[in-house]
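Undergrad: sequence plus predicted model, see below.
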Amino acid sequence: MCDVSDPQAMTALAEEVTADLGNVHCLMNNAGIGRMGTKPWESLEAFNGLVSINLMGVIHGCHAFMPGMLVHGEPAAVINTGSKQGITRPPGNYAYNLSKAGVLAYTESVAHALRQEEKCALTAHLLVPAFVYTPMVEAFIPQKPPFAATAKETVDFMMTSLKNGDFYILCPDNETPRPLDEKRIQWTADDIIKNRPALSRWHPDYAEAFKAFIED
């Protein structure tokens with residue numbers, strides 16, 4: 001048990017785990033919370049609470065465990081859990097989107113920095129789940145929707161991706177295949193390139209253009 005928002009608690013956990021189990025070879029920063037969305041200029045306390053876990057918890061985990069994983073020099077992996085919402089950032093829950101976009105950017109930086117380390121056997125990976133039915137989701141949706149992936153399906157996909165050496169582990173579910181994810185991601189990136197309005201995928205003036213792009 002550990003409060004991931006507390007860097008001292010994470011450091012103490014790393015020391016305890018190493019003392020009890022020896023060298024750490026897999027660090028998975030997966031702790032996260034979901035809260036109902038608010039307007040971006042409201043509920044600062046709730047925003048800080050979410051970011052302290054979803055983003056800072058990942059950073060604290062890396063700071064606490066990675067130095068020791070680098071020192072022992074054995075093959076090892078850091079897996080940080082992001083979200084598709086951190087890539088396409090749909091409206092309605094800006095705090096969650098921001099926290100997961102931060103995890104993406106931070107994990108990319110970790111992966112690049114590790115490549116600069118001489119003879120480094122430690123790698124970093126970004127897990128991007130699909131819609132997974134977890135106890136956190138169950139609090140909002142009592143019954144598992146047919147399209148939702150299970151935790152086991154997600155882990156199985158992740159393990160295959162790790163064996164392939166993937167950094168971006170973009171998981172499917174029973175509704176959203178990878179080609180659809182790729183289209184949504186491409187449209188989001190094109191908002192900047194084509195100077196469209198922010199989040200144009202949900203802008204009424206672009207509804208038909210987005211539909212045609214997806215169906216093409």
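TA: Sure thing, it's come through.

Undergrad: excluding chain neighbours, what is closest to the residue nearest the centre of the chain?
TA: Central residue of the chain (CA atoms, centre = their mean): Gly82, 0.4 Å from the mean position. In space, and not counting its chain neighbours, Gly82 is closest to Val103: 4.6 Å by CB to CB, 6 or more residues apart in numbering. In short, each C-beta sits where N, CA and C put it, glycine included.

Undergrad: would it be right to say that Trp187 lies in a strand?
TA: No - counting by DSSP: H, G, I helix; E, B strand; the rest coil, Trp187 is not found in a strand; it is helix.

Undergrad: looking at it, it is touching Phe210, isn't it?
TA: Yes - using CB atoms under 8 Å, Trp187 is in contact with Phe210, at 6.3 Å.

Undergrad: so what sits against both of those two?
TA: Ser200, Arg201 (CB atoms under 8 Å, 6 or more residues apart in numbering).

Undergrad: more neighbours: these two, which one.
TA: Neighbour totals were compared for Trp187 and Phe210, and Trp187 leads with 19 against 16 (other CB atoms under 10 Å).

Undergrad: for Phe147, see how far away the more buried one is.
TA: Distance from Trp187 to Phe147, counting by CB to CB, to the nearest Å: 21 Å.

Undergrad: dihedrals phi and psi, the residue nearest to the centre of the chain?
TA: Dihedral angles phi and psi of Gly82 (degrees, to the nearest 10) take the values phi -100, psi -150.

Undergrad: just give me how far the least confident helix or strand in the chain by mean pLDDT sits from the chain centre.
TA: Scoring the helices and strands of the chain by mean pLDDT, DSSP states H and E places helix 135-138 at the bottom, with a mean of 82. Taking CA atoms, centre = their mean, to the nearest Å, the mean C-alpha location of helix 135-138 is offset from the chain mean by 17 Å.

Undergrad: do stretch 116-132 as well
TA: 11 Å.

Undergrad: show me what counts as buried in it.
TA: Leu122, Thr123, Ala124, His125, Leu126, Leu127, Val128, Pro129, Ala130, Phe131, Val132 (16 or more other CB atoms under 10 Å).

Undergrad: ok, now how distant is the second one from Asn93?
TA: Looking back up the chat, that one is Thr123. For Thr123 relative to Asn93 (CB to CB), the value is 30 Å.

Undergrad: what's the answer for the third one, then?
TA: Separation of Ala124 from Asn93 (CB to CB) stands at 26 Å.

Undergrad: again, but for the fifth one
TA: When CB to CB is applied, the distance between Leu126 and Asn93 equals 20 Å.

Undergrad: the first one too?
TA: Going from Leu122 to Asn93 by CB to CB gives 32 Å.

Undergrad: per-domain residue ranges of this protein.
TA: Split into domains by automatic domain parsing, the chain comes to 7-128, 177-216.

Undergrad: quick one on the thing from earlier: now for the residue nearest to the centre of the chain: which residues touch it?
TA: With CB under 8 Å, 6+ apart, Gly82 has these contacts: Lys100, Val103, Leu104, Thr107, Leu126, Leu127, Val128.

Undergrad: that concludes my questions; thank you for your assistance.
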